[in-house]
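Visitor: Model the structure of this input:
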Amino acid sequence: MFIFTRILGKKQISQLTFFEYVTGIAIGDLAGVLSLDLESHYSYGLIAMFVWFIVPLVLEMLTLKSKTLRQWFEGKGTVMIKDGKVLEDNLKKERYTADELLEQLRTKSVFKLADVEFAMLETSGDLSVLLKSENQPLTPKHMGMQLTVEKPNQTVIMDGVIQDEPLATAGKSRGWLHTELDKIGVTIENVFLGQVDTHGELTVDLYDDKLKVPKPSQKPLLLATLKKCEADLELFALTTKHAGAKQMYTESSDKMKRVIRELETLLKS
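Guide: The predicted structure follows:
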């Protein structure tokens with residue numbers, strides 16, 4: 001069963017379609033009968049399991065190339081709410097009550113029906129919800145902010161052991177790692193998990209929960225340095241009597257302000 005499931009793929013253990021649900025029950029039932037029925041020859045049970053393994057595998061390959069087959073075996077999603085209106089006929093078609101619809105909305109952290117623009121019941125039984133524009137969360141894009149691309153954190157220490165492959169992926173060396181651990185005053189044997197983020201900062205979780213680890217200070221220090229540079233440029237512009245120098249310092253100060261405005265959100269995170 002383990003080998004069959006591994007070959008059939010992750011869909012068999014995720015949200016199941018109708019056909020995958022039936023297939024899983026059939027294979028499990030055959031395995032149970034094969035384990036307990038001592039009078040029948042085990043080869044019959046293995047053949048039956050193999051047939052139930054081959055059929056869905058072949059059908060999965062066919063459905064990859066045919067939308068009609070996908071709709072026939074996996075079904076289609078059903079629109080439950082459209083343009084903010086509940087489609088009662090579709091609820092009856094899926095034998096969905098109003099209470100069940102509201103329950104599904106609550107699982108999506110939606111407690112007010114009027115906030116929903118569109119909702120669809122997927123073939124997996126999950127309800128996908130689109131909120132109205134005015135109720136959607138505010139994002140940096142809405143505010144015209146430019147953020148750096150976040151990359152996955154690399155776990156460079158696990159159970160007190162250095163993980164060389166993630167460390168190389170993060171572009172760091174063992175020497176750098178030991179230096180960073182020395183800065184926060186911990187030994188590698190006391191580190192349960194250590195991760196390097198997008199900006200190259202190391203965060204650790206220790207076995208000794210009573211020991212407090214200082215927070216990374218590189219980004220706050222950089223922000224403070226930029227603000228100091230901007231303040232110094234303003235001071236130079238105020239104190240100099242040379243017109244050309246005053247203009248140069250003023251322009252440089254304005255440029256530094258723009259840089260700080262663009263980076264402030266990133267450096268405070």
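
Visitor: Relative to residue 186, how far out is residue 213?
Guide: Residue 213 sits at a distance of 7 Å from residue 186 (criterion: CB to CB, to the nearest Å). For every residue, glycine as well, the C-beta is placed using N, CA and C.

Visitor: So between those two, which is more surrounded?
Guide: Using other CB atoms under 10 Å, the more surrounded residue of residue 213 and residue 186 is residue 186, with 18 against 15.

Visitor: Please pull out the lowest mean pLDDT helix or strand from the protein.
Guide: Across the helices and strands of the chain, the lowest-confidence element by mean pLDDT, DSSP states H and E is helix 2-8, at a mean of 70.

Visitor: Going along the chain from that one, find the next helix or strand for me.
Guide: helix 18-36 (DSSP states H and E).

Visitor: Can you work out which other helices and strands pack against that next one?
Guide: Under the contact definition 3 or more CB pairs under 8 Å, 6 or more residues apart in numbering; DSSP states H and E, helix 18-36 sits against helix 42-63, helix 67-74.

Visitor: and if we set it to 10 Å?
Guide: For helix 18-36, the packing partners by 3 or more CB pairs under 10 Å, 6 or more residues apart in numbering; DSSP states H and E come out as helix 2-8, helix 42-63, helix 67-74.

Visitor: quick revisit: now do the shared contacts for residue 213 and residue 186.
Guide: With contacts defined as CB atoms under 10 Å, 6 or more residues apart in numbering, the residues adjacent to both residue 213 and residue 186 are 204, 206.

Visitor: Kindly list the longest helix within the chain.
Guide: helix 243-268 (DSSP state H).

Visitor: Rounded mean pLDDT for it, please.
Guide: Averaged across helix 243-268, the pLDDT comes to 84.

Visitor: Ok, stretch 150-161 next?
Guide: 89.

Visitor: mind checking the end-to-end distance for stretch 105-118?
Guide: Stretch 105-118 has an end-to-end distance of 11 Å (criterion: CA to CA, to the nearest Å).

Visitor: what does it rub up against?
Guide: Residues outside stretch 105-118 that contact it (CB under 10 Å, 6+ apart): 79-86, 98, 101-102, 104, 119, 126-136.

Visitor: ok, and for it, which residues are buried?
Guide: 105, 110, 116-117 (16 or more other CB atoms under 10 Å).

Visitor: The closest residue to residue 166 other than its chain neighbours: how many residues sit nearby?
Guide: Spatially, and ignoring its direct neighbours in sequence, residue 166 is nearest to residue 154 (4.0 Å; CB to CB, 6 or more residues apart in numbering). Residue 154 has 19 neighbouring residues, counting by other CB under 10 Å.

Visitor: Pull up the per-residue confidence for residue 13.
Guide: Note on residue 13: pLDDT of 57.

Visitor: How about the secondary structure of the residue minimising distance to the centre of the chain?
Guide: In the chain, the residue lying closest to the centroid (CA atoms, centre = their mean) is residue 152, at 9.5 Å. The three-state label given to residue 152 by DSSP: H, G, I helix; E, B strand; the rest coil is coil.

Visitor: And residue 140, how close does it get to residue 252?
Guide: In terms of CB to CB, residue 140 sits 27 Å off from residue 252.
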